[in-house]
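K.L.:
after the sequence you'll find the predicted model.
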Amino acid sequence: VADGLQMKEGYDPSLPPGVVARLQHGDESNVPAVYERTRPDGTVLEVRSTMLGDGGMVRTYTDITERKRSEIALAAARDAAEAASQARSEFLAMMSHEIRTPMNAVLGLTGSLLESNLDADQRKAAEAIQEASDGLLSILNDILDLSKIDTGKLEFEQVPFSIESVIDNIPVCVAVKNID
């Protein structure tokens, strides 16, 4: 009994290599200042050893079982949150692709419709469909970009644009939102 607990070879795998054997033989040199020890009942102890000037040693034992359980629970929660985030990103990417395909068909058919002979009311309705579809496609692209950001796959591109055009289109974007 070197430190108040029954010592057996292989008793505690959390002890540093060779410590059990050294302690069994009464050799307390090179014992780490701090190490963890797991008792057979599952209790986890933090063992701190302090060498005294006269060659003696003071050893303290702190029960850290709850802290270890909390660390394990926290790690499990982190892993679950990361898995949920990955699943969400994959779902968003898949759904945005699935919705974009029919939306592109709507845009293509609306473009064809606008090239045909339409009266004023029909043209206005077709243009409204095209503007709303463009807005929805933009939202889908944003969702796809968010899922790419989550997975680290977003690639930036440089695209020329006119700030005046962006500013001029703000009322159209706001008007479409107000219709909802």
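P.N.:
Good, I have the coordinates. Numbering: from 1, shown residues only.
K.L.:
what's the helix or strand for Pro102?
P.N.:
Assigned by DSSP states H and E, Pro102 falls within helix 65-114.
K.L.:
er, Pro32 I mean
P.N.:
Here Pro32 is covered by no helix or strand, with elements defined by DSSP H and E.
K.L.:
burial count for it?
P.N.:
With neighbours defined by other CB atoms under 10 Å, the count for Pro32 comes to 12. Backbone N, C-alpha and C define where each C-beta goes, glycine included.
K.L.:
one more: the one 3 residues further on?
P.N.:
Here the number of neighbours of Tyr35 (other CB under 10 Å) works out to 16.
K.L.:
do the same with the one 3 residues further on
P.N.:
Look at Thr38: counted by other CB under 10 Å, it has 16 neighbours.
K.L.:
what's opposite it in the beta bridge?
P.N.:
Beta-bridge partners recorded for Thr38 (DSSP bridges): Val44.
K.L.:
number the chain from 57, please
P.N.:
OK, 57 is where the count begins now, so the last one is Thr94.
K.L.:
nearest residue to Leu202 in space, please, no chain neighbours.
P.N.:
Leu148 (6.6 Å; CB to CB, 6 or more residues apart in numbering).
K.L.:
so what's the one you found up against?
P.N.:
Neighbouring residues of Leu148 by CB atoms under 8 Å, 6 or more residues apart in numbering: Ile199, Leu200, Leu202, Ser203, Asp206.
K.L.:
what strand or helix carries Ser172?
P.N.:
Counting by DSSP H and E, no helix or strand carries Ser172.
K.L.:
output the below-cut-off pLDDT ranges for the protein.
P.N.:
Residues of the chain meeting the criterion pLDDT under 70: 57-76, 79-80, 82-87, 231-236.
K.L.:
quick one: which of the contacts of Leu148 has the most company?
P.N.:
Ser203 (21 neighbours).
K.L.:
now that one: how far from Val103?
P.N.:
Going from Ser203 to Val103 by CB to CB, to the nearest Å gives 48 Å.
K.L.:
buried residues, stretch 187-206. List them.
P.N.:
Neighbour counts over stretch 187-206 (16 or more other CB atoms under 10 Å) mark Glu187, Ser189, Leu192, Leu193, Leu196, Ile199, Leu200, Asp201, Leu202, Ser203, Lys204, Asp206 as buried.
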